[in-house]
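Colleague: Sharing a model prediction with you, sequence too.
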Amino acid sequence: MTRRSISKRAAVVTATTVLALGTLGTVAATAGPQHEAKPTKKQIAALFDGWNAALKTGDPKKVANRYAPDAVLLPTVSNEIRTDRAEIVDYFEHFLPNKPVAKKVETYINVLDSDSAIDAGAYDITLTDPKTGKKRVVEARYTYEYEKRGGKWLIVNHHSSVMPEG
């Protein structure tokens, strides 16, 4: 074998190796990261149960912990839109003395992908007057938008309003 034929073979082997490695890199790049499976509707429904359980603690900070730091809360019994943790805590400081207990009446859950879902429908919120102990039920409609952030499901948008024909 001449020096020239060895050099050509080395060039062909090198080119073939680079092409093969490039193909592997392309396959790996197009495959993308492994995505988690979408949560079930039952798993998303359980997020509401966790929020309702947080209400029962009477601790506004525990309730606010269920919301993302940049969440938007359009609350049931306040005209003020809450757009940060301090405002959300403030709302629940005034709302929780009424010992709210929510019960879903109708629910529609859309799982958008492995990290986001929407739960919308109607619920009854039972409130207890802190002075008289008298209970009243507020019929309301709701929307919760959830995102999974840092492995934890958080509310990023929560709208609740009294039924207009109630």
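Modeller: Okay, I see it. The shown structure was predicted, so the numbers you read here are calculated from the model rather than taken from an experiment. Numbers count the residues shown, from 1 in each chain.

Colleague: Low-confidence stretches in this protein?
Modeller: 1-35, 166 (pLDDT under 70).

Colleague: Could you pull out the strands in it for me?
Modeller: Per DSSP state E, the chain carries strands over the ranges 67-74, 101-113, 116-128, 135-149, 152-162.

Colleague: Those into TSV, with extra columns for distance to residue 46 and mean neighbour count?
Modeller: (Glycine included, C-beta is placed from N, CA and C.) Listed next are those as TSV, based on distance: least, Cβ to Cβ, whole Å; neighbours: other Cβ atoms under 10 Å:
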stretch	distance to residue 46	mean neighbour count
strand 67-74	17	18
strand 101-113	11	14
strand 116-128	10	17
strand 135-149	11	17
strand 152-162	9	17
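
Colleague: Residue 95: which of the ones you listed is closest?
Modeller: strand 116-128 (8.7 Å; Cβ to Cβ).

Colleague: helices or strands next to that closest one in the packing?
Modeller: Counting contacts by 3 or more Cβ pairs under 8 Å, 6 or more residues apart in numbering; DSSP states H and E, strand 116-128 packs against helix 41-57, strand 101-113, strand 135-149.

Colleague: JSON lines for these, including distance to residue 74?
Modeller: Below are the helices and strands packed on strand 116-128 laid out as JSON lines (distance: least, Cβ to Cβ, whole Å):
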{"stretch": "helix 41-57", "distance to residue 74": "15"}
{"stretch": "strand 101-113", "distance to residue 74": "15"}
{"stretch": "strand 135-149", "distance to residue 74": "9"}
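
Colleague: Could you say which one of those comes nearest to residue 84?
Modeller: So among the helices and strands packed on strand 116-128, strand 135-149 is nearest, using Cβ to Cβ, at 15.7 Å.

Colleague: so what's residue 99 closest to, chain neighbours aside?
Modeller: residue 128 (4.4 Å; Cβ to Cβ, 6 or more residues apart in numbering).
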